[in-house]
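> prediction below, plus the sequence it came from.
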Amino acid sequence: MALSCNRQAGATRQAARSSRRAAAPRPALRPVAVAATAPARPAASPVPASKLIDGKSIADTIRSEIAAEVAAMKQQHGLTPGLAVVLVGARKDSETYVRSKKKACAEVGFDSYGADLPADATEEELLKVVEAYNADPRIHGILVQLPLPKHISEKRILDAISIEKDVDGFHPLNIGALAMRGRDPLFVPCTPKGCIELLERMKVPISGRRACVIGRSNIVGMPAALLLQRRDATVTMVHSKTPDAQRICAEADIVIAACGVAEMVTGDWIKPGAVVIDVGINAKDDPTAKKGYRLVGDVEFEGAAAKASLITPVPGGVGPMTIAMLLQNTFESAKRVAEGAKASH
Ligand SMILES: NC(=O)C1=CN([C@@H]2O[C@H](COP(=O)(O)OP(=O)(O)OC[C@H]3O[C@@H](n4cnc5c(N)ncnc54)[C@H](OP(=O)(O)O)[C@@H]3O)[C@@H](O)[C@H]2O)C=CC1
Ligand SMILES: Nc1nc(=O)c2c([nH]1)NC[C@@H]1CN(c3ccc(C(=O)N[C@@H](CCC(=O)O)C(=O)O)cc3)C=[N+]21
Ligand SMILES: [Mg+2]
């Protein structure tokens, strides 16, 4: 097992890289010249920019807001938020996500800690790591990257994470509070929280609207539906046993697609003018792409965009928001410590 911390060389290197990036001049907004040489999207795409929800750019804004708050926290309280990311095994996609989470931490000024366990690590070994992080005052958030290898009980591991450090928001006590009126969870799961944040920043009204959530997983669909309901939407969840999912979806003003089936939601599923949030991340073979594949969502983008008033792209939609919300949750956790606030459950 390798326990590591990026405080020294890693953090400095990342900070240097991010400040270089921040210093790089942005191209001036000159529509005529720009449009003539470099259209914002490929010319083949009929989707106008005014329909796009730019998750990447909204996430960048949130990250710079957090960076400023972290600097103030360091000054006022001498406290640096710390996030621990635990990876078991070596799935390529998980390694990529964990890397981008640690990089995002460094860029906003957090310390990040990591444990990389081999794929054959035992449940007991993983529990020991979680317990060490629960007890470590430098750490305000613990994320155990999912999925875990089959021989380890996700339930047992997620239940072991201290709810005060459960920045993924997956602990049953946090989910339970999310489901109940008059209660507030300590943390809301990052991906659904990011979906709502996109709707709010785009000024999409939620109260009184019909919403359809496609998928009911513990980490995306179910908490997304709870969040919409808390904002007074009338929510229908559809799943793999729903016979008429398309008809139900076509009545919705807001669609959150999280079914894990590439491009399943076509234009026929979308009511004219609806707002479409595509959570899906799927690799699709594409011989013209550098890696031989490209990422597509659970929504067939161009067909759905033709009907929608607003739509998130993949990549560049919900994904970057998930990471921004993870940073936000970790910051909030550190702030509770800084302010000595007792966790309210
Ligand atoms: N952008 C991001 O930050 C993140 C993206 N993702 C992506 O979001 C998607 C969903 O992830 P996750 O929730 O973990 O996936 P899961 O596989 O855990 O859940 C998928 C859900 O979709 C339902 N479903 C499957 N097939 C259909 C169908 N044909 N019609 C209707 N519903 C269906 C399933 O139904 P049932 O319950 O009956 O099995 C299940 O509830 C994936 O593409 C994943 O890669 C996930 C996490 C974060
Ligand atoms: N404990 C835990 N918490 C998670 O939050 C969690 C997890 N396990 N397991 C896997 C899923 C998936 N997930 C994503 C995060 C960021 C992007 C993301 O940044 N996507 C970019 C592109 C990424 C790329 O290019 O590969 C985008 O959509 O633009 C995607 C997916 C978090 N998850
Ligand atoms: Mg899953």
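Structure's in. What do you need? Numbers count the residues shown, from 1 in each chain. Ligands and ions are numbered 1, 2, ... in the order given.
> doesn't Val235 belong to a helix?
No: per DSSP: H, G, I helix; E, B strand; the rest coil, Val235 lies outside any helix segment and is strand.
> who is it paired with across the strands?
As for beta bridges, Val235 partners with Ala211 under DSSP bridges.
> my guess is Leu79 contacts Arg336, does it?
No: under the criterion of CB atoms under 8 Å, Leu79 makes no contact with Arg336, lying 10.9 Å away. Every residue, glycine included, has its C-beta placed from N, CA and C.
> got the residues of the protein near ligand 1?
Selection of the chain residues close to ligand 1 by CB under 6 Å from any ligand atom yields 191, 214-217, 219-221, 238-242, 245, 258-261, 264, 279-282, 298, 318-319, 322.
> near ligand 2, which of these show up?
Counting by CB under 6 Å from any ligand atom, Thr191, Ile281, Gly319, Thr322 from the residues of the chain next to ligand 1 sit close to ligand 2.
> burial count for the third one?
Which is Gly319. By other CB atoms under 10 Å, 25 other residues sit near Gly319.
> checking it next. Helix, strand or coil?
helix.
> for it, give its distance to Ile58.
According to CB to CB, to the nearest Å, Gly319 and Ile58 sit 12 Å apart.
> again with the last one
Thr322 sits at a distance of 12 Å from Ile58 (criterion: CB to CB).
> higher neighbour count, the two?
A count of neighbours by other CB under 10 Å puts Thr322 above the other of Thr322 and Ile58, at 23 against 19.
> what sits against the more buried one?
Applying CB atoms under 8 Å, 6 or more residues apart in numbering, we find Thr322 in contact with Cys190, Thr191, Gly194.
> reformat the residues you listed as a markdown table; add pLDDT.
Shown next, in a markdown table, are the contacts of Thr322 (pLDDT from 0 to 100):
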| residue | pLDDT |
| --- | --- |
| Cys190 | 98 |
| Thr191 | 98 |
| Gly194 | 98 |
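> now, which of the residues of the chain next to ligand 1 lie within helices?
Thr191, Gly221, Ala245, Val318, Gly319, Thr322 (DSSP state H).
> what separation do you get for the residue nearest to the first one when sequence neighbours are not counted and Leu79?
Which is Thr191. Once flanking residues are discounted, Thr191 sits nearest to Thr322: 4.7 Å by CB to CB, 6 or more residues apart in numbering. Distance, Thr322 to Leu79, by CB to CB: 25 Å.
> same question for Val129.
Taking CB to CB, one finds Val129 at 23 Å from Leu79.
> who has more neighbours, those two?
Val129 (21 against 17).
> skipping adjacent residues, who's closest to the more buried one in space?
Of all residues not flanking Val129 in the chain, Ala115 sits nearest, at 4.8 Å (CB to CB, 6+ apart).
> residues near the one you found, how many?
23.
> host element of it?
strand 111-117 (DSSP states H and E).
> quick one: strands adjacent to that strand?
strand 2-5 (antiparallel), strand 82-88 (parallel).
> looking at the ones you listed, which has the lowest confidence?
The weakest mean pLDDT among these belongs to strand 2-5, with a mean of 55.
> next, count neighbours for the residue lying closest to Val144 once chain neighbours are set aside.
Closest residue in space to Val144, ignoring its immediate chain neighbours: Val86 at 4.6 Å, by CB to CB, 6+ apart. By other CB under 10 Å, 22 other residues sit near Val86.
> next, count neighbours for Glu123.
The burial count for Glu123: 16, using other CB under 10 Å.
> what of Gly114?
21.
> what do you get for Gln76?
Counted with other CB under 10 Å, the neighbours of Gln76 add up to 9.
> which non-adjacent residue is nearest it?
Leaving out its chain neighbours, the residue that sits closest to Gln76 by CB to CB, 6+ apart is Ala338, at 7.7 Å.
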